[in-house]
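Quick one, what's the 3D model for this:
(2 chains)
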There are 2 protein chains.
Amino acid sequence: MTDTVTLTLSEANDLCLQILLRTGLSAGQAEAVSEVIVTAQRDECHSHGLYRLIGCVHSINTGGVNKVANPKVIDLSPAIVKVDADFGFSSYAYKKVISLAVAKAREQGLAALAINNCYHFSALWPEIEPLAEDGLAALALTPSHSWVAPAGGTKPLFGTNPIAFAWPRADGHPFVFDFATSATARGEIELHGRAAKKIKPGLAIDQDGQPTIDPSEALKGAMLTFGGHKGSALSAMVELLAGPLIGDMLSLESKAFDQGRGASPCHGELILIFDPAVFLGDTLAANLSRAEMLFDNILGQGARLPSQRRYSARQNSLANGLTISTNLYDDLLALLDTAPTALCMTLRG
Amino acid sequence: MTDTVTLTLSEANDLCLQILLRTGLSAGQAEAVSEVIVTAQRDECHSHGLYRLIGCVHSINTGGVNKVANPKVIDLSPAIVKVDADFGFSSYAYKKVISLAVAKAREQGLAALAINNCYHFSALWPEIEPLAEDGLAALALTPSHSWVAPAGGTKPLFGTNPIAFAWPRADGHPFVFDFATSATARGEIELHGRAAKKIKPGLAIDQDGQPTIDPSEALKGAMLTFGGHKGSALSAMVELLAGPLIGDMLSLESKAFDQGRGASPCHGELILIFDPAVFLGDTLAANLSRAEMLFDNILGQGARLPSQRRYSARQNSLANGLTISTNLYDDLLALLDTAPTALCMTLRG
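Okay, here's the model as predicted:
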């Protein structure tokens, strides 16, 4: 027996489904959540992969998530569609609304999709990469819990507030980035704490607003945004566009709403979808080539495109399956109480 | 005689107009350009204020700018309007199209305004702040000339690629930010060079792609983006959305198009306009209050809102006029060949 376990994508999906269904989550939600978890694990985004199941189950068991959520689509205008996730997971609401949002973008050239009252635990790229694979561009924003101080401030106010963007490419994978506007992930600080390691300077402040490299002081204080006052301004923009603009909570409110349960943040998400075919008409091909010129000039000077590592990992996972630590695998099996026989085909490292 | 000259806003506007009209620029363009220059000077954004007139005149005299540009509005879809600036200044095209763009946003909740083939020299905030004063939110993006290397790269590719955002506030000035995605302004490096000062580490690389603090090496090499790979990703997004998406040039193409004239960059600009009233309906007031909660929590912990310095400067300018250096004033008068008698009322120091 080794320290790793390898699962096929299908086995990983079955495991997710069984774990989630056992909590009482509806089949629709369990399927949507399993899909994004396996997608993240496939691309070796470990923090949003199978590991995240533990947090999902916690969110469900602590009572915040509506296990039988029935998302309601609201067709607000020819350019805007909202979906009330009914306090279920965002991924399920997204699946119910995305085809209408895409239809609006194809008709108007530009559409906004707002997801409200959703528990959000996934990365943003799984939501926008498929849009770019269909020839669209997209920008996604969401708040989280108030863990991050504004530039010049001393107290947590902003969430980690990620921004993700996708652009279509005729050949190969879309151009996609997805990053937190916080200087680091909260999980990274926690991991440093567990390993009794200091964090890098510039990532966090303590409760008195002083810079700190001590993980426990950082967790009691606040994280900082990336890029100083510019990153802080962007983080405020995420709060406003994916909060008040769509009638949903700020990170500060979302944290209070959680009542210390430590569940996934409940709030809103905004996705803007652009159809280059409408913007460009006859000049579409020429302008997609122009975008390729940009990518060629990035790669040609030895720099990387944002999702290259992820796409390489995907290729590996599709060929060789998903490899996770035995510890994580055991933690996942524990969520099932007993190991399901259906998973005995699993190849152990 | 002191080292400064104080002008009323009206005098400054007249001076701009006379200087621009003397170049042969059409009255419409001269008025639009004067307005944004005086607006910037009023807010003590010196690099985009009266100083910028020198660059504008250079751009006109070196032959790139269409002095008699006749912008053409293209009503592309219910959510998109484009304006072909006819190779004149962006500010004039903006004035011709903005009412239609706003009408679309008020109708649909969301609209895109693309300005094409424009010489762009102003900051972005003068274009979006008035929208927020009318209750709208807006996001503006534009490329520039390829002076900035992508993260991990060694060669100039991106422009300084500013991002600006505005959000309406019922009481007081809108929440507005406007920043370059480059780590610093090119003008800052030039100023350090003239003063024989080193620049800060992390702002630029030399021609071999090595970090440099030498301004002349930096100008021959490339600037860096703010915020490492995250800022670099955002800069790429600006290139894509305000370039290929709207059928206009990348910063790399814009620089080549300039043919070494050193004129203002000619390219495109994208402005997204959101009407919170459409997104929110009956819940508009409650959600604008929610946004105020964010601002209160920024200010309440001693941090600042992005445009506070600018608004304070404005208050001062409106009360006391615009104060510029005598050197700059003399440079501006030189653009007129002879000092116009109409300006003799100018208060010297």
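
and the residue nearest in space to the middle of chain A, how far is that from residue A:93?
In chain A, the centroid-proximal residue (CA atoms, centre = their mean) is residue A:123; its distance is 1.3 Å. Going from residue A:123 to residue A:93 by CB to CB, to the nearest Å gives 16 Å. Every C-beta, even on glycine, is put in place using the N, C-alpha and C of the backbone.

Need phi/psi at the residue in chain A that chain B sits nearest to.
Closest to chain B within chain A is residue A:227: 3.0 Å, counting by CB to the nearest CB. With angles defined as degrees, to the nearest 10, residue A:227 sits at phi 60, psi 30.

wait, it sits on residue B:231?
Yes - at 5.8 Å, residue A:227 and residue B:231 qualify as touching, with contact defined as CB atoms under 8 Å.

Counting neighbours, go ahead and name the busier of these two.
Neighbour count, other CB atoms under 10 Å in any protein chain shown: between residue A:227 and residue B:231, residue B:231 has more, with 28 against 24.

wait, isn't that one in contact with residue B:181?
Yes - in this structure, residue B:231 is within contact of residue B:181 by CB under 8 Å, at 5.4 Å.

quick one: common contacting residues for the two?
A:230, B:225 (CB atoms under 8 Å, 6 or more residues apart in numbering or on different chains).

hmm, back to that, quickly list what's touching both of residue A:227 and residue B:231.
With CB under 8 Å, 6+ apart, residue A:227 and residue B:231 have no common neighbours.

Give the residue farthest from the middle of chain A.
Residue of chain A lying farthest from the centroid, by CA atoms, centre = their mean: residue A:282 (34.9 Å).

Doesn't it belong to a helix?
Yes - remark: residue A:282 belongs to a helix, assigned using DSSP: H, G, I helix; E, B strand; the rest coil.

Can you read off the pLDDT for it?
Here the pLDDT value assigned to residue A:282 is 98.

do the same with residue A:261
pLDDT, residue A:261: 89.

could you list every residue that touches residue A:275?
By CB under 8 Å, 6+ apart, the neighbours of residue A:275 are A:105-106, A:108-110, A:135-136.

ugh, wrong one, residue A:308
With CB under 8 Å, 6+ apart, residue A:308 has no contacts at all.

okay, now residue A:320: neighbour count?
Neighbours of residue A:320 (other CB under 10 Å): 10.

before we move on, what about residue A:89?
31.

is it true that it touches residue A:33?
Yes - the criterion here is CB under 8 Å, and residue A:89 meets it with residue A:33 at 5.3 Å.

what sits in contact with each of the two?
A:56, A:121.

Kindly provide the whole-number mean pLDDT of the lengthiest helix in chain A.
When chain A is parsed with DSSP state H, its longest helix is helix A:90-108. Mean pLDDT, helix A:90-108: 98.

can you check stretch A:230-250 too?
98.

In this structure residue A:271 contacts residue A:128, no?
Yes - applying CB under 8 Å as the test, residue A:271 and residue A:128 come out as touching, 6.6 Å apart.

list residues touching both of the two?
Counting by CB under 8 Å, 6+ apart, the residues touching both residue A:271 and residue A:128 are A:138-140.

Now do stretch A:96-103: distance to the chain's middle.
19 Å (CA atoms, centre = their mean, to the nearest Å).

Do that stretch and chain B come into contact?
No - contact of stretch A:96-103 with chain B (CB under 8 Å from any CB of the partner chain) is absent, the minimum separation being 11.9 Å.

Are stretch A:32-47 and chain B in contact anywhere?
No - using CB under 8 Å from any CB, stretch A:32-47 stays clear of chain B, with a minimum separation of 15.7 Å.

no wait, stretch A:261-270
No - applying CB under 8 Å from any CB, one finds stretch A:261-270 out of contact with chain B, separated by at least 9.4 Å.

which parts of that stretch are buried?
A:263-270 (16 or more other CB atoms under 10 Å in any protein chain shown).

Just the terminal-to-terminal distance for that stretch.
Terminal residues of stretch A:261-270 lie 25 Å apart, using CA to CA, to the nearest Å.

looking at the shared contacts of residue A:271 and residue A:128, which has the most residues close by?
residue A:138 (28 neighbours).

Leaving out the residues flanking it, which one is nearest to that residue?
Leaving aside its sequence neighbours, residue A:138 sits nearest to residue A:128 (CB to CB, 6 or more residues apart in numbering or on different chains; 4.0 Å).
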